[in-house]
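Novice: quick one, structure for this:
(chains A, B, C and D)
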There are 2 protein chains.
Amino acid sequence: MRKRTRDIQKALSESGYRITQSRLAVIEVIMRARHSLSPEEILARARKIEPSVGLATVYRTLDVLHAEGYLERVRIGNKGYTLACEEKSLHFHLICERCRTVIELQSNHSSDALLAQLRAAGFKSRKNAVEIVGLCAKCQSPE
Amino acid sequence: MRKRTRDIQKALSESGYRITQSRLAVIEVIMRARHSLSPEEILARARKIEPSVGLATVYRTLDVLHAEGYLERVRIGNKGYTLACEEKSLHFHLICERCRTVIELQSNHSSDALLAQLRAAGFKSRKNAVEIVGLCAKCQSPE
DNA sequence: CTTCTTATTGAGAATGATTCTCATTAAGCG
DNA sequence: CGCTTAATGAGAATCATTCTCAATAAGAAG
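Specialist: Numbering: from 1, shown residues only, chains lettered A, B, ... in the order given. You can find the predicted model right below:
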């Protein structure tokens, strides 16, 4: 995890971005997260590392990380969530709308077949992760 | 098309909903549409049929139709779009973020294989239509 | 280490989509 | 034809996200 944050730091620096304490805190939070986080959640956690971080900076840092391919943005209802993902080939993300855990399906023949269909249709997907929102096994059972 | 609207009208009526002129106008607009529409677009078109329709009623009618399974809601950026869809088994929707045309892939072995994976993971998808947002063949070429 | 340039920041205002409120209307039953 | 109440339209309210702008600090250069 720590290592991952450093890699991103290095890559961003080489791309000409300045490495600020606020950005580092946000990156650290996202890398540590075990499920997808809303901007507000990221803000709360980042402030434990760097108390001066503002919400706008969280959004801006998400934009940068997304543009550089380090994370995916998801929508559940009206809210935007964020999770780290560097997988480049087409694959599926099963996202639980209750606990926001993400099950990442391996690329396999179902994603290969889908990819072939996309090619046949001449369709270019915006994302490599195809999101399927629903309920994971745990959250379906009566609590 | 006309027939489709009547079927829905009948079904809603039997479910205890009142059939108002505003609702009829909104249903008619959605059934006629050849691509997904934003609430504002639906409002504009519905007002040509029933000039008194309000935006809130468009949203409320969308909720009803969605609850009854007559349409899917999609998000492109921050905006919500809507398209008619009654297909019940798992399948893919390729949605062009530029022209908003929807290419509906037939259920086949790729969706079957995905369904098997969902079952294996114990994951329950919220929708039957898995949305893939991107650019259709036409919109990719320089205009 | 200090200075300079300017990308980045934080706070709050602004925006845009969606939802809510509430007095008024009309669907559909008898 | 009336009655009951679901549904409506208009505008206010809400919530997520984006923008504005003066102040700050990253990083290059000296």
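
Novice: which stretches of chain A form helices?
Specialist: Ranges of helices in chain A, per DSSP state H, are A:2-14, A:21-32, A:39-49, A:55-67, A:109-121, A:137-140.

Novice: indicate which one of the ones you listed is closest to DNA strand D.
Specialist: Closest to DNA strand D of the helices of chain A is helix A:55-67 (Cβ to the nearest atom of the strand; 3.5 Å). All C-beta atoms are positioned from the backbone trio N, CA, C, and that covers glycine.

Novice: show me what counts as buried in that closest one.
Specialist: Of all the residues in helix A:55-67, those buried under the rule 16 or more other Cβ atoms under 10 Å in any protein chain shown are A:57-58, A:61-62, A:64-65.

Novice: and which of those is nearest to residue A:133?
Specialist: Within the buried residues of helix A:55-67, proximity to residue A:133 (Cβ to Cβ) peaks at residue A:62, which comes in at 19.1 Å.

Novice: dump the residue contacts of that closest one.
Specialist: Contacts for residue A:62 were tallied using Cβ atoms under 8 Å, 6 or more residues apart in numbering or on different chains; they are A:26, A:39, A:42, A:71, A:73, A:82.

Novice: of those, list those near DNA strand D.
Specialist: Of the residues in the contacts of residue A:62, proximity to DNA strand D by Cβ under 7 Å from any atom of the strand holds for residue A:39.

Novice: and the contacts of residue A:62, which of them are buried?
Specialist: A:26, A:39, A:42, A:71, A:82.

Novice: the second one touches residue A:73, doesn't it?
Specialist: No. If you go by Cβ atoms under 8 Å, residue A:39 and residue A:73 don't touch, sitting 10.1 Å apart.

Novice: need the residues touching each of these two.
Specialist: Contacts common to residue A:39 and residue A:73, judged by Cβ under 8 Å, 6+ apart, are A:62, A:80, A:82.

Novice: which of these lies closest to chain B?
Specialist: residue A:80 (8.7 Å; Cβ to the nearest Cβ).
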